[in-house]
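**Student:** Generate coordinates for the sequence data below:
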Amino acid sequence: MKRNKSSNRKKLKRGIYVLPNLLTSANLFCGFYAIVAATQGNFLKGAIAIMIAAIFDGLDGKIARVTRTVSRFGLEYDSLSDAISFGVAPGVLVYLWALQPFGRLGWLAALLFVACGTLRLARFNTQVHVVSSDYFNGLPIPAAAFMIAATVLLFHRFGGTGTTKHVTILIMIYVLSFLMVSTIKYYSFKQVELFRKMKFNMLVIIVLLFILIAAEPSIAFFLMVLCYVFSGPFITLWLRKKHQSEVADGERINTPHEEPV
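**Tutor:** The predicted structure is shown next:
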C-alpha cells in the first residue's frame, strides 16, 4: 500500500507539470489564430485572440508558481510562445489593419515592434534571477500586444470595422517598441496572490471593475492598459526619488558629527 501511494504521488507530481505547459500551448494557439484571422481581414477576432492569449500567459506563470512546477523548459517554451503571440501576431495584425497605407514606415514600424519584443524577451530571460521580481525592466511584451488589441477593439466600438489609417497608431507602435527595450520600471503583479485572503474593499473594487468591463469592454480594456503603459514613467521617477532619499539618509547616519571644542 505504501509503495502504491508513493508511486501515485510521483505520477501526480509528474502530471502537474503538464498543466502550465498546456496553458502555454493555449497561448500559442491563440497567437497563431490571431495571425490567421488578421490575414483574412478579421481584425476584431485577431485582437480578441491576442487578449485571450494574454490571459493564458498570465495564468501559466501563476499556476506554475502555485503548484511549484516552475522549470527551465517551461520558461523557454513560454518565451517562444510569447514571441509569436505577442510579437509576430500583433505585428502582423497592426500592419494589415493600420500600417500598410504608410508604406515603408508602416512595415518598418511593425518589424521594429517584433524585434523589440523579441529583444525584451531575451533580456528578461537573462535577468530573471538578477532583477527584482516586483518590477519589470521595460514594458512587458504582453502588455504592448494587449495595447494594440485594445486599440483595435476601441476603433471597432466606434464603427471602424475595416482597415484604417491614423498617424497616431504609427506613433503608438514606435513608442511601444521603445518602452519595451527601455529600462523604465513596470509593476509585475507577481506578488499578487490568487489563493490568499484579501481586504473587503479590494474585493469591492474588483467587482466594480468586472461590472465596468461587462458594460463597456472595449473602452474598459483600452483605459486599463493605457493606464498601465503610462504608469511606468511615474513608477520609475518614484523609485529614483526613493533611492535618492535612502542614500541621503544613509550619508547622514554615516557622517561623523564634530563635537564642540
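**Student:** can you give me the helices in the chain?
**Tutor:** For the chain, the helices defined by DSSP state H cover 2-16, 18-39, 43-66, 72-83, 89-94, 104-127, 141-157, 167-181, 200-215, 217-254.
**Student:** Dump the fourth one to PDB, restricted to CA.
**Tutor:** What follows is the C-alpha trace of helix 72-83 in PDB, where atoms were taken according to Å, rounded to 0.1, in the frame of the first residue of the first chain:
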ATOM      1  CA  ARG A  72      13.600  25.900 -17.300                       C
ATOM      2  CA  PHE A  73      11.700  24.100 -20.100                       C
ATOM      3  CA  GLY A  74       8.500  26.000 -19.200                       C
ATOM      4  CA  LEU A  75      10.400  29.300 -19.200                       C
ATOM      5  CA  GLU A  76      11.800  28.700 -22.600                       C
ATOM      6  CA  TYR A  77       8.600  27.400 -24.100                       C
ATOM      7  CA  ASP A  78       6.700  30.400 -22.600                       C
ATOM      8  CA  SER A  79       9.200  32.800 -24.200                       C
ATOM      9  CA  LEU A  80       9.000  31.200 -27.600                       C
ATOM     10  CA  SER A  81       5.200  31.200 -27.400                       C
ATOM     11  CA  ASP A  82       5.200  34.900 -26.300                       C
ATOM     12  CA  ALA A  83       7.400  35.800 -29.300                       C
END
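**Student:** how distant is that helix from the center of its chain?
**Tutor:** The chain centroid and the centroid of helix 72-83 are separated by 14 Å under CA atoms, centre = their mean, to the nearest Å.
**Student:** Counting neighbours, which bits of that helix end up buried?
**Tutor:** 74-75, 77-79, 81-83 (16 or more other CB atoms under 10 Å). Yep, even glycine has a C-beta here, placed from its N, CA and C like the rest.
**Student:** Skip the chain neighbours and tell me the closest residue to residue 102.
**Tutor:** residue 170 (5.8 Å; CB to CB, 6 or more residues apart in numbering).
**Student:** Next one: residue 157 from residue 222, what distance?
**Tutor:** 9 Å (CB to CB, to the nearest Å).
**Student:** With just CA atoms, put stretch 233-242 into PDB.
**Tutor:** Output in PDB follows, covering the C-alpha atoms of stretch 233-242 (Å, rounded to 0.1, in the frame of the first residue of the first chain):
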ATOM      1  CA  PRO A 233       7.500  56.500 -16.100                       C
ATOM      2  CA  PHE A 234       5.800  57.500 -12.800                       C
ATOM      3  CA  ILE A 235       6.900  54.400 -11.100                       C
ATOM      4  CA  THR A 236      10.500  54.900 -12.300                       C
ATOM      5  CA  LEU A 237      10.500  58.500 -11.000                       C
ATOM      6  CA  TRP A 238       9.100  57.400  -7.700                       C
ATOM      7  CA  LEU A 239      11.700  54.700  -7.300                       C
ATOM      8  CA  ARG A 240      14.500  57.100  -8.200                       C
ATOM      9  CA  LYS A 241      13.400  59.600  -5.600                       C
ATOM     10  CA  LYS A 242      13.000  56.900  -3.000                       C
END
